[in-house]
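[1] Coordinates for the following, if possible.
(chains A and B)
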Amino acid sequence: MFRAEPKGIALGILSFIINIVLFIYLPQYILSLVKARYPDIIVDLDVSTLSIIGFIIAILSLIRYVSEKPLSIVVKFLGRFSLVIYLVYVFSMSGFGLIHVEYKEAVLTLNISKLLLIIVALLSLSIVLGTLADVIDYREERKKENKS
Amino acid sequence: MSRISTILRATSYIVNVIVIILVATIIYSALSIRFTVGDTSWNFKNNTLYVQIPVHIRNPGFYPITDLSAEYYILDDANNTIYHGFSLLGDIPASRAEQVKVFNFSGEVSDELIEAFFRSFNATLIARLSLTYAYWVDVELYWRKIVPWTTPIYAMDFSPLLEKLALYASGDEVYAEIPVSIRHIGVVPIKEIPVRIVMQGPDINASLNVRSSSTGSPTKLTIRTSKTSIGKLLFKGGDVKVEIYVGDRKVYETNIHLSPLISVSVNVVNTVDVNSTHFKVTLHYVVNCSFRFNQTIKACIEASYSDFSIAKNVTINFVNGFAEGDITMVALKIERLDKVDLLITVYEPFHAQKHMEVLISDVQG
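    Numbers count the residues shown, from 1 in each chain, chains lettered A, B, ... in the order given. You can find the predicted model right below:
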């Protein structure tokens, strides 16, 4: 189920670090930059919950590279779907697809629920198609192995 | 890898690329939009407040702005909406050129807003802008600001205006013209507010529609009254009530006291014994008007003392509201004459009477 190849472990650790930076450190850094630039701004975003989802994505990416098929296919699927959940979560803090920004006397509300639905649908389609391709490849590999 | 899995994987990549391009172009286009708000114009006409806000819009991106609309609210201290206007701008296609659109708000003016024109409070101004961008993104911008709404009308001071009052008679009626200028200030720079001035006094009932503006619009309030009424004012003065209305709502009221418009002084110039039975007295009169007046009036000066009575018709020529002259009256000689009751009666153009006493000492028999 798991493989202890140096290349897989290195890729897994690299992927883990990239995902941690990308989904935990970077959003926090951008938020702190925005708050430093505009002290009066209020952005509804729960960073701790976001960090947990980001950590799950990073763990799944690590497992993906150190596991064997079919587990790696399942983990890859889950990892990609976690990404979609991450995306949806970011834009669901004050209602699905509502971005609420207050600055001094102005309040900006962006309702991107329709756009978000389209993006989530397209990403889900892409994930399903990619996973299907992985499953078909895996089945063909298994058939070849059985024949040999 | 089978052919099917290759097709599926390629489709997956294409979908990913579409998502990335879609998101990147929307973000890029949205960030390149520029809104600049021009000078707001306020107009008040037929009980409706029209607010025009020009906006310069640059939408150089890839997507149009649709369903652009705006709402404008003015709230008073108690958060009651005293004005609400709505304006629909429609669509703004994606274009490199700057487009100028004008938000035209129009809303019926409530009694509360009319009252608000003339009192001081903290006004809450709220603007709400709604639009749809790139077909799928709904945007709402809410802006709220509390500003002090300063007392927007300058109380009219009639005392200097009365000095410029002009009187003229026509038939049995007398017309008085008073220059009037009302101006208002306020956080909302409404160009003009139509107001009605009503002036009521002793037999005076005048009304004038005038426009209050930030600079003041000089006009003339014409009072039409009878000769008798204006005659009372000429020598006695009186209290006049002035009210200002916007629509049917009274927004300002003041009482002004009019001093006598004409003052008369009479001095004895000379008393001469003509013979044992008659004497002659010469009176010098000075008449001042507190209003603009160049006219000839016909008057009668009547002197009386006990059974002594004599009347003389005079013509008084006013130049710049001032007239003076002498009048000589001859009467039967009486034993002792301390003072004489004088009655000055103005016949034309105004009917007015004034009683006064003139001291004539040491008239010897």
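[2] Quick check: which element contains the residue lying closest to residue A:17 once chain neighbours are set aside?
    Leaving out its chain neighbours, the residue that sits closest to residue A:17 by C-beta to C-beta, 6 or more residues apart in numbering or on different chains is residue A:58, at 8.0 Å. Every residue, glycine included, has its C-beta placed from N, CA and C. When elements are assigned from DSSP states H and E, residue A:58 belongs to helix A:47-66.
[3] what's the next helix-or-strand element following that helix packed up against?
    Where DSSP H and E defines the elements, the next helix or strand beyond helix A:47-66 is helix A:71-90. For helix A:71-90, the packing partners by 3 or more C-beta pairs under 8 Å, 6 or more residues apart in numbering or on different chains; DSSP states H and E come out as helix A:47-66, helix A:113-147.
[4] Show me the helices in chain B, by range?
    Assigned by DSSP state H, chain B shows helices spanning B:3-31, B:111-117, B:159-162, B:227-235.
[5] Quickly, which of the ones you listed bottoms out on average pLDDT?
    For the helices of chain B, mean pLDDT drops lowest on helix B:159-162, to a mean of 56.
[6] right, so the helices and strands packed on helix A:71-90: which one is the most enclosed?
    helix A:47-66 (a mean of 19; mean count of other C-beta atoms under 10 Å in any protein chain shown).
[7] how far out from the middle of the chain is the helix holding residue A:58?
    8 Å (C-alpha atoms, centre = their mean, to the nearest Å).
[8] residues in contact with that helix?
    If you take C-beta atoms under 8 Å, 6 or more residues apart in numbering or on different chains as the criterion, helix A:47-66 is touched by A:2-4, A:8-9, A:11-13, A:15-20, A:22-24, A:27-28, A:31, A:71-72, A:75-76, A:78-79, A:82-83, A:85-86, A:89-90.
[9] Can you say which of the helices and strands packed on helix A:71-90 is nearest to residue B:227?
    helix A:113-147 (79.6 Å; C-beta to C-beta).
[10] Output the contacting helices and strands for that closest one.
    So helix A:113-147, by 3+ C-beta pairs under 8 Å, 6+ apart, packs with helix A:71-90, helix B:3-31, strand B:137-149.
[11] Rounded mean pLDDT for stretch B:298-312, please.
    On average, stretch B:298-312 scores 79.
[12] and it, which residues are buried?
    By neighbour count on 16 or more other C-beta atoms under 10 Å in any protein chain shown, the buried set for stretch B:298-312 is B:299, B:301-303.
[13] on that earlier part again, only the buried subset of the contacts of helix A:47-66, as a PyMOL command please.
    The PyMOL command for the buried members of these (criterion: 16+ other C-beta under 10 Å) is given here:
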select buried, chain A and resi 8+11+12+15+16+19+20+23+24+27+72+75+76+78+79+82+83+85+86+89+90
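[14] Show me which residues of chain B are close to chain A?
    Within chain B, the positions near chain A by C-beta under 8 Å from any C-beta of the partner chain are B:1-2, B:4-6, B:8-9, B:11-13, B:15-16, B:18-19, B:22-23, B:26, B:134-145.
[15] Give me the buried subset of those residues.
    If we count by 16+ other C-beta under 10 Å, those have these buried: B:5, B:8-9, B:11-12, B:15-16, B:19, B:22, B:26, B:134, B:136-139, B:141-142.
[16] For the nearest residue to residue B:347 once chain neighbours are set aside, give me its contacts.
    Closest residue to residue B:347 apart from its sequence neighbours, by C-beta to C-beta, 6+ apart: residue B:298 at 4.6 Å. For residue B:298, the contacting residues are B:313-316, B:346-348, by C-beta under 8 Å, 6+ apart.
[17] and those residues as TSV, adding neighbour count?
    Output for those, formatted as TSV (neighbours: other C-beta atoms under 10 Å in any protein chain shown):
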residue	neighbour count
B:313	12
B:314	16
B:315	11
B:316	18
B:346	22
B:347	13
B:348	13
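[18] Tell me which of these fall in strands.
    B:313-316, B:346-348 (DSSP state E).
[19] and which of the residues you listed is nearest chain A?
    Of all the ones in strands among the contacts of residue B:298, residue B:346 has the smallest distance to chain A: 66.1 Å, by C-beta to the nearest C-beta.
[20] Would you mind confirming that the closest one is in contact with residue B:323?
    No - because the distance of 11.6 Å does not satisfy C-beta atoms under 8 Å, residue B:346 is recorded as not touching residue B:323.
[21] Grab the nearest non-local neighbour of the spatially most central residue of chain A.
    In chain A, the residue lying closest to the centroid (C-alpha atoms, centre = their mean) is residue A:83, at 2.0 Å. Closest residue in space to residue A:83, ignoring its immediate chain neighbours: residue A:57 at 6.0 Å, by C-beta to C-beta, 6+ apart.
[22] any idea how far chain B is from the one you found?
    As for residue A:57, its distance to chain B is 16 Å (criterion: C-beta to the nearest C-beta, to the nearest Å).
[23] Look up how far residue A:7 lies from that residue.
    Going from residue A:57 to residue A:7 by C-beta to C-beta, to the nearest Å gives 21 Å.
[24] Could you do residue B:43 as well?
    Using C-beta to C-beta, residue B:43 is found at 76 Å from residue A:7.
[25] What of residue A:148?
    24 Å.
[26] more crowded one of those two?
    Between residue A:148 and residue A:7, counting by other C-beta atoms under 10 Å in any protein chain shown, residue A:7 is the more crowded of the two (9 against 5).
[27] just the strands in the stretch 201-350 of chain B please.
    B:204-213, B:219-226, B:238-246, B:249-258, B:262-273, B:278-289, B:296-305, B:308-317, B:322-332, B:339-348 (DSSP state E, counting those that start in this stretch).
[28] can you put those in JSON lines and add distance to residue B:34?
    Formatted as JSON lines, these follow (distance: least, C-beta to C-beta, whole Å):
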{"stretch": "strand B:204-213", "distance to residue B:34": "34"}
{"stretch": "strand B:219-226", "distance to residue B:34": "45"}
{"stretch": "strand B:238-246", "distance to residue B:34": "39"}
{"stretch": "strand B:249-258", "distance to residue B:34": "42"}
{"stretch": "strand B:262-273", "distance to residue B:34": "68"}
{"stretch": "strand B:278-289", "distance to residue B:34": "65"}
{"stretch": "strand B:296-305", "distance to residue B:34": "72"}
{"stretch": "strand B:308-317", "distance to residue B:34": "73"}
{"stretch": "strand B:322-332", "distance to residue B:34": "68"}
{"stretch": "strand B:339-348", "distance to residue B:34": "74"}
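[29] least reliable of those going by mean pLDDT?
    Here the lowest mean pLDDT among those goes to strand B:219-226, at a mean of 73.
[30] So what are the sheet partners of that strand and their directions?
    Sheet pairing here is set by DSSP bridges, and for strand B:219-226 it gives strand B:173-180 (antiparallel).
[31] buried set for the strand it pairs with?
    B:174, B:176-180.
[32] now it: mean pLDDT?
    Per-residue pLDDT values across strand B:173-180 average out to 74.
[33] can you check stretch B:55-73 too?
    Across stretch B:55-73, the average pLDDT comes to 90.
[34] quick one: residue B:88 from residue B:70, how far?
    8 Å.
[35] of those two, who's got more company?
    residue B:70 (20 against 11).
[36] Wait, the more buried one touches residue B:129, no?
    Yes - between residue B:70 and residue B:129 there is a contact under C-beta under 8 Å: 4.9 Å.
[37] Any idea which of the helices and strands packed on helix A:71-90 gets closest to residue B:264?
    Residue B:264 sits nearest to helix A:113-147 of all the helices and strands packed on helix A:71-90, at 87.1 Å, using C-beta to C-beta.
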